[in-house]
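**Student:** How does the following fold in three dimensions:
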Amino acid sequence: MARTLAQALDERGMSLRAVADGSGGNRQAIADLLAGLSWPDVATVARLAAFIGAGLWPLQSGTDRSGKH
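**Tutor:** Coordinates of the predicted model:
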């Protein structure tokens, strides 16, 4: 999840501060997630994904980002 988030932020040119402000999260908590130091709860993942417009859960084989098989 951290790799997917980092890639999405890089592709969109978003800073940690912008993501924290836009998602209602804490900048340090997002930095800790990206560094692999913490694991967010489901609500945080949902807010981050909604703000950046990308799925963050790792894909399962045979499943696309929309959850379709």
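
**Student:** got the contact list for Leu16?
**Tutor:** Applying C-beta atoms under 8 Å, 6 or more residues apart in numbering, one finds that Leu16 lies in contact with 9, 27, 30-31, 34. Quick note: C-beta positions are derived from backbone N, CA and C, even for glycine.

**Student:** from these, which would you call buried?
**Tutor:** The neighbour count (16 or more other C-beta atoms under 10 Å) marks 9, 30, 34 as buried among those.

**Student:** The first one contacts Ala54, correct?
**Tutor:** No. Under the contact definition of C-beta atoms under 8 Å, Leu9 does not touch Ala54, with a separation of 9.5 Å.

**Student:** Please report phi then psi for Ser15.
**Tutor:** With angles defined as degrees, to the nearest 10, Ser15 sits at phi -90, psi 160.

**Student:** which residue sits closest to it in space, ignoring its chain neighbours?
**Tutor:** Excluding the flanking residues, the one nearest Ser15 by C-beta to C-beta, 6 or more residues apart in numbering is Leu9, at 7.8 Å.
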